[in-house]
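# give me a 3D structure for the following:
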Amino acid sequence: MSILPDPLLNIRTFVARLLPAQPCLLCGVLSDNGLCCPACRAALPYLERDVCPVCARPVPGAAVCGRCLQEAPAFDHSIAAFAYRFPLDQLVKALKFREHLILANFLADALAARVDSRPDAVLALPLHPARLRGRGFNQSQLLAARIARRLALPLLTGCVGRVRDTPPQSSLPLHARRKNVRSAFAVGRGEAVEGKHIAIVDDVMTSGASLDALAGALKRAGAREVSAWVVARTLPH
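Prediction:
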């Protein structure tokens, strides 16, 4: 309830009443609360806080998981907003494959709300130029740009490239994904990453192989620390 006696003085409420209700992207019910109605927003599979701080896999007590203790990835930390399951997976696919670009802001805002540290800069997991031409956009770039604006962080562009046009990771079994992205990224040396904490933004982490490969390239180029920020984490069955 507004503390102002006249609702016309509550600008946000007044403007919201003027705007037409929009159908919720998930259930179709008309809503004045953005892309998703309150019920569907509450039902999204938000990731629990008890996760491995390195790879964001659920672990009791938020301890480093056994896999990361045995073979630590090149990135140092991970943040994920959601578990990659229904209905969140449908939103990611709508952004990525059906060009519902308005979802980028919604998903990026949910991820930004989970960020609890400030890197020196953020960058998007890059697409190979051939893949970018075919798709027309890089969903990770849209997410990274929104997050950079929300958190007032520098957005790095042009210093990292994908130099091998590899098959999509989702088309490969898990054991083949690390080999698929080996030497796939090139990072220019210089002040952009040297000695800095860089956060890589992507839509989904499954095996983490792409993020690991890029983080390794960033470390070789002089990055001090690398974090992986993803909208959703695929969880083991």
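# got the buried residues for stretch 128-144?
For stretch 128-144, a neighbour-count test (16 or more other CB atoms under 10 Å) marks His128, Asn138, Gln139, Ser140, Gln141, Leu142, Leu143, Ala144 as buried. In this view, the C-beta of every residue, glycine as well, is placed from N, C-alpha and C.
# next secondary structure after whichever strand or helix holds the fourth one?
Following DSSP states H and E, the helix or strand that holds Ser140 is helix 139-151. Where DSSP H and E defines the elements, the next helix or strand beyond helix 139-151 is strand 160-162.
# for that following strand, which strands pair with it and how are they oriented?
Using DSSP bridges, strand 160-162 pairs in its sheet with strand 185-187 (antiparallel).
# wait, what's in contact with Leu218?
Ala74, Val160, Val187, Val193, Ile198, Ile200, Val226 (CB atoms under 8 Å, 6 or more residues apart in numbering).
# and these as JSON lines, adding neighbour count?
Listed next are the contacts of Leu218 as JSON lines, based on neighbours: other CB atoms under 10 Å:
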{"residue": "Ala74", "neighbour count": "18"}
{"residue": "Val160", "neighbour count": "23"}
{"residue": "Val187", "neighbour count": "22"}
{"residue": "Val193", "neighbour count": "26"}
{"residue": "Ile198", "neighbour count": "27"}
{"residue": "Ile200", "neighbour count": "27"}
{"residue": "Val226", "neighbour count": "26"}
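# give me the subset of those residues lying in helices.
Using DSSP state H, no member of the contacts of Leu218 sits in helices.
# pLDDT value on Gly158, please?
Looking at Gly158, its pLDDT is 82.
# and the gap between it and Cys27?
41 Å (CB to CB, to the nearest Å).
# looking at the two, which is more packed in?
Cys27 (13 against 9; other CB atoms under 10 Å).
# what kind of secondary structure is the more buried one in?
Here Cys27 is recorded as coil under DSSP: H, G, I helix; E, B strand; the rest coil.
# run through the residues that contact it.
Contacts of Cys27 by CB under 8 Å, 6+ apart are Cys37, Ala39, Cys40.
# likewise Pro236?
Arg57.
# wait, Gln141 touches Ala124, no?
Yes: using CB atoms under 8 Å, Gln141 is in contact with Ala124, at 4.2 Å.
# need the CA coordinates for stretch 58-67. PDB is fine.
Extracted in PDB, the C-alpha atoms of stretch 58-67 (Å, rounded to 0.1, in the frame of the first residue of the first chain):
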ATOM      1  CA  PRO A  58      24.200 -28.400  -5.500                       C
ATOM      2  CA  VAL A  59      26.200 -29.400  -2.500                       C
ATOM      3  CA  PRO A  60      25.200 -29.600   1.200                       C
ATOM      4  CA  GLY A  61      26.600 -26.700   3.100                       C
ATOM      5  CA  ALA A  62      27.800 -24.900   0.000                       C
ATOM      6  CA  ALA A  63      31.200 -26.700   0.100                       C
ATOM      7  CA  VAL A  64      33.400 -27.200  -2.900                       C
ATOM      8  CA  CYS A  65      32.200 -30.300  -4.600                       C
ATOM      9  CA  GLY A  66      34.300 -33.500  -5.100                       C
ATOM     10  CA  ARG A  67      34.600 -33.000  -8.800                       C
END
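# what would the buried residues of stretch 128-144 look like in CSV with pLDDT and distance to Asp116?
Output for the buried residues of stretch 128-144, formatted as CSV (pLDDT from 0 to 100; distance: CB to CB, whole Å):
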residue, pLDDT, distance to Asp116
His128, 81, 32
Asn138, 90, 26
Gln139, 92, 24
Ser140, 93, 21
Gln141, 94, 23
Leu142, 95, 23
Leu143, 97, 18
Ala144, 96, 18
